[in-house]
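Chemist: Sequence plus the predicted model coming up.
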Amino acid sequence: MNRIIDAELYKLKKNKAFWLSLILIVAFYLASAFVSLPELGHNPKSATLQGNMSSFATILPLFMTIIATALAQKDYNYGTMKNVISSGASRKDIYLGRLVVGILAMFILFVVDGVVSM
């Protein structure tokens, strides 16, 4: 199962949707910080993103859905699902490996979201 998780992590590193989502999260917070500064009288100490975080909380599941779909879609589009299944690993191991990597990707998104919003 470690080989399957390693292969899925490699695919996650090469996934453009994952990296684009991370960049968009950071860009959203930076843009919202610049938009809120004129309203606060250019006082950076009073600039908080609490209001913007609530609006972004509705968008984060959209990024997660896009990443989960992109991870599953790659094997289907390239026709490599047959190769993965015929490699000798059980379907349970394949499913659990993909589930672990998917959960890890979502955790990374949450961590980036939490760090950037501080």
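Modeler: Great, that's in hand.
Chemist: and the lengthiest helix in the chain, which residues are buried?
Modeler: Ranked by residue count, the top helix of the chain under DSSP state H comes out as helix 91-116. By 16 or more other Cβ atoms under 10 Å, the buried positions in helix 91-116 come out as 93-94, 97-98, 101-102, 105-106, 109, 112-113, 116. To be clear about C-beta, it is placed using only N, CA and C from the backbone, and glycine gets the same treatment.
Chemist: just how off-centre is it within its chain?
Modeler: In terms of Cα atoms, centre = their mean, to the nearest Å, the centre of helix 91-116 is set 8 Å apart from its chain centre.
Chemist: Give me the helices and strands touching it, please.
Modeler: Where contact means 3 or more Cβ pairs under 8 Å, 6 or more residues apart in numbering; DSSP states H and E, helix 91-116 is packed against helix 2-13, helix 16-36, helix 60-78, helix 81-85.
Chemist: Now mean neighbour count too, for those helices, in JSON lines please.
Modeler: Output for the helices and strands packed on helix 91-116, formatted as JSON lines (neighbours: other Cβ atoms under 10 Å):
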{"stretch": "helix 2-13", "mean neighbour count": "15"}
{"stretch": "helix 16-36", "mean neighbour count": "15"}
{"stretch": "helix 60-78", "mean neighbour count": "14"}
{"stretch": "helix 81-85", "mean neighbour count": "12"}
